[in-house]
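A.B. asks: Please find the sequence and the predicted model below.
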Amino acid sequence: MKDFISVNDVPDINNLVQDALHYKNNPMVDKNLGYAKTIGLIFLNPSLRTRLSTQKAAMQLGMNVMVMNMDKEGWSLETQEGVVMDHNTVEHIKEAAGVMGKYCDIIGIRSFPKLIDREEDYSEDFFLKFKKYAGVPIVSLESATRHPLQSLADIITISEQTQHKDPKKVKVVLTWAPHIKPLPQAVANSFSEWAVKAGFDFTITHPKGYELAPVFAKNAHVEHDQQKALEGADFIYVKNWSSYNDYGKVLTADSNWMLTDMKIKNTNQAKVMHCLPVRRGIELSDEILDGPNSLVLQQAENRVWGCQAVLKNILKTL
Ligand code: AN0
Ligand code: CP
């Protein structure tokens, strides 16, 4: 694997999941694989899990890790071609990415969408330019449109729960949840493309107006009636996202969409998933988060093993 930006970079999801589960049982088995290799982690947005799990994964492979909080500590970057830089940006992405490519063997980047201009966000301009000018393998720590390390951890978590069950017989439902702020579509987009590729019986449910971009929702079953969608579910993935069609807007915060214990009654004793951070009492009830059906901590733990498997596969190509 050269880069890890979307599911399309992964030749075989099952192999990657097996690599991750192998590390979960033997964290230090490849402790010298990354000797004298450096990973740089660049954050343009906040993070808890991604930052710490990626550092832990890299350290368990013997890598050096450098972290840069670009938004607070770095120079503000220009991304446009041919502009006269007489305004606020201090340095061009050409030089900034080029320099980091000299310091690092692999670069991880987190860069959220601005949620203003859909075309700009969905072109992944910043990400692709950074990759081009850095010239080293890139790992997405969540881009404008995708969060593949999260999706990989989610698929690992479901695999652990279902063991060798035929994925077509595992019903997975992604449900929209209310939130007070406009959030990216990235986690939902990514989860959809991974769930489809993993072969689950996969349904998305959301209020009208929250349709995901067709490229991500294609091959998923969409059901606007949440209760109907949840019938017989084995896994419920809860996530808020802002509108793709009315781009970046919060169209409703209807609390009836919050998942509660009552709603789980109609399911196959579904396990409940969320990528975190979660707003209690808005996206998910306390009773679910504190109850036996929640998998949120297992998901967060699996971020380490998924990332370790990704880094191993990239290190092997260096
Ligand atoms: C981010 C999002 O929804 O994309 C990060 C999730 C991993 N969440 C928030 O900004 C709350
Ligand atoms: N789930 C996730 O990516 O969390 P952070 O934003 O804390 O990294």
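C.D. replies: Received, thanks. Ligands and ions are numbered 1, 2, ... in the order given.

A.B. asks: going forward, measure contacts between C-alpha atoms and count neighbours the same way
C.D. replies: Fine.

A.B. asks: What sits closest to residue 50 if chain neighbours are left out?
C.D. replies: residue 141 (6.5 Å; Cα to Cα, 6 or more residues apart in numbering).

A.B. asks: Now do the one you found, the pLDDT please.
C.D. replies: Looking at residue 141, its pLDDT reads 98.

A.B. asks: Repeat that for residue 31.
C.D. replies: Note for residue 31: predicted pLDDT of 98.

A.B. asks: next one: residue 71
C.D. replies: 84.

A.B. asks: any idea whether it is helix, strand or coil?
C.D. replies: Here residue 71 is helix, with the state taken from DSSP: H, G, I helix; E, B strand; the rest coil.

A.B. asks: what do you get for residue 126?
C.D. replies: Per three-state DSSP, residue 126 ends up helix.

A.B. asks: Without its sequence neighbours, what residue ends up closest to it?
C.D. replies: Leaving aside its chain neighbours, residue 126 sits nearest to residue 79 (6.9 Å; criterion: Cα to Cα, 6+ apart).

A.B. asks: Can you show me the strands along the stretch 101-250 of the chain?
C.D. replies: Secondary structure of the stretch 101-250 of the chain (DSSP state E, counting those that start in this stretch): strands at 106-110, 138-140, 171-176, 201-205, 221-222, 235-239.

A.B. asks: Distance-wise, check residue 135 relative to residue 29.
C.D. replies: Distance of residue 135 to residue 29, given as Cα to Cα, to the nearest Å: 29 Å.

A.B. asks: same deal with residue 163?
C.D. replies: 23 Å.

A.B. asks: Pretty sure residue 39 sits in a strand.
C.D. replies: Yes: Residue 39: assigned to a strand according to three-state DSSP.

A.B. asks: Run through the residues that contact it.
C.D. replies: Contacts for residue 39 (Cα atoms under 8 Å, 6 or more residues apart in numbering) come out as 58, 63-66, 104-108.

A.B. asks: Can you tell me which of the residues you listed are buried?
C.D. replies: Neighbour counting by 16 or more other Cα atoms under 10 Å classes 58, 63-65, 104-108 among these as buried.

A.B. asks: Let's have these in JSON lines, adding distance to residue 173.
C.D. replies: What follows is those, written out as JSON lines (distance: Cα to Cα, whole Å):
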{"residue": "58", "distance to residue 173": "32"}
{"residue": "63", "distance to residue 173": "37"}
{"residue": "64", "distance to residue 173": "39"}
{"residue": "65", "distance to residue 173": "36"}
{"residue": "104", "distance to residue 173": "39"}
{"residue": "105", "distance to residue 173": "38"}
{"residue": "106", "distance to residue 173": "34"}
{"residue": "107", "distance to residue 173": "33"}
{"residue": "108", "distance to residue 173": "29"}
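
A.B. asks: quick one: residue 244 and residue 213 touch, right?
C.D. replies: Yes: counting by Cα atoms under 8 Å, residue 213 is a contact partner of residue 244 at 6.5 Å.

A.B. asks: The two: who's more crowded?
C.D. replies: For residue 244 and residue 213, the more surrounded residue by other Cα atoms under 10 Å is residue 244, and the numbers stand at 18 against 15.

A.B. asks: Give me the pLDDT value at the more buried one.
C.D. replies: With respect to pLDDT, residue 244 has a value of 98.

A.B. asks: can you check residue 215 too?
C.D. replies: 96.

A.B. asks: buried set for stretch 121-131?
C.D. replies: 121, 124, 126-127, 129-131.

A.B. asks: Run through who's touching that stretch.
C.D. replies: Outside stretch 121-131, the residues that touch it by Cα under 8 Å, 6+ apart are 79, 93-94, 97, 109, 111, 113-115, 137-138, 143-145.

A.B. asks: Please repeat the previous calculation with a cut-off of 7 Å.
C.D. replies: Contact with stretch 121-131 is made by 79, 93, 97, 113-114, 138, 144-145, as judged by Cα atoms under 7 Å, 6 or more residues apart in numbering.

A.B. asks: same deal with stretch 302-317?
C.D. replies: 1-3, 16, 19-21, 23-24, 34, 53-54, 56-58, 149-150, 152-153, 156-157.

A.B. asks: could you dump that stretch to CSV, C-alpha only?
C.D. replies: Extracted in CSV, the C-alpha atoms of stretch 302-317 (Å, rounded to 0.1, in the frame of the first residue of the first chain):
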residue,chain,number,x,y,z
ASN,A,302,-9.2,-0.6,17.5
ARG,A,303,-7.9,2.7,16.0
VAL,A,304,-4.5,1.7,17.3
TRP,A,305,-4.5,-1.7,15.7
GLY,A,306,-6.0,-0.6,12.4
CYS,A,307,-3.4,2.2,12.1
GLN,A,308,-0.6,-0.1,13.0
ALA,A,309,-1.6,-2.4,10.1
VAL,A,310,-1.8,0.5,7.7
LEU,A,311,1.6,1.8,8.7
LYS,A,312,3.1,-1.7,8.4
ASN,A,313,1.8,-2.0,4.8
ILE,A,314,3.2,1.4,3.9
LEU,A,315,6.5,0.8,5.6
LYS,A,316,7.0,-2.4,3.6
THR,A,317,6.9,-0.4,0.4
